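[1] Below is the sequence, then the predicted model.
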Amino acid sequence: MEKTLTDEDKKIIISLEPNKPKGPFPKDSNQNDRSFSESYYSSTTKYGPVNRLWLCYSTVLDAAYCESCWLFSKLCSHWSKGLRDWKHLSSRIEEDSKSKAHIEACSVHDLWRKNRAIDKNLEEELKDHSAGGTAQEVLNILKNLDISIEKCYGQGYDGVRVMSGAYNGVNA
Ligand SMILES: [Zn+2]
């Protein structure tokens, strides 16, 4: 994880599923046989479990890391390099969740994910409709409008279908 990632690398990483292998995880004899646990992938709230989208585990390093901090934080923290402090992992997770650098990294990550989803769905739509220049312009405008992205993303598949209707309109 020392390598500097290019924007292309980041796009590829984001298009893949987050690295969340299922256990069992190796127990560390230097840490009273503690190990990572799948339970860290989500947090418990009074509304039930909530996925920690950012929390990943590297089998190669046997370390937990934060995908958002790794990809987008300017600060080089333990969370971007990999963390193996199993005893204090819960409190380290809390710390990261609240850190400014992490929150910023998460919002950039989120935006990239949304753009990625839009790119993929619309690219396919555009192919289907062989829409040409106008639709490409619309796509560019959309990419620049967080508000539209938010809306499309929230609506999921239906949003995309509505959008394709909009394209027909544009092309007519
Ligand atoms: Zn983080």
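    In hand now; what should we look at?
[2] What does Ser42 show for phi and psi?
    The phi/psi pair for Ser42 (degrees, to the nearest 10) reads phi -130, psi 160.
[3] Compute the number of surrounding residues for it.
    Neighbour count of Ser42, defined by other C-beta atoms under 10 Å: 14. C-betas here are computed from N, CA, C, even on glycine.
[4] which ones are touching it?
    49-52 (C-beta atoms under 8 Å, 6 or more residues apart in numbering).
[5] quick check, Arg116 in a helix?
    Yes. When DSSP: H, G, I helix; E, B strand; the rest coil is applied, Arg116 is found to be in a helix.
[6] Tell me how many other residues crowd it.
    Neighbourhood size, Arg116 [other C-beta under 10 Å]: 14.
[7] isn't it right next to Ile13, touching?
    No. Arg116 is beyond contact range of Ile13, at 10.2 Å (criterion: C-beta atoms under 8 Å).
[8] Could I get the contacting residues of Ser35?
    The neighbourhood of Ser35, defined by C-beta under 8 Å, 6+ apart, consists of 23-28, 86.
[9] if you set the cut-off to 10 Å instead, what comes out?
    By C-beta atoms under 10 Å, 6 or more residues apart in numbering, the contact list for Ser35 reads 23-28, 62, 84, 86.
[10] How about Leu89?
    Residues near Leu89 by C-beta under 10 Å, 6+ apart: 34, 36-37, 40, 55, 64, 83.
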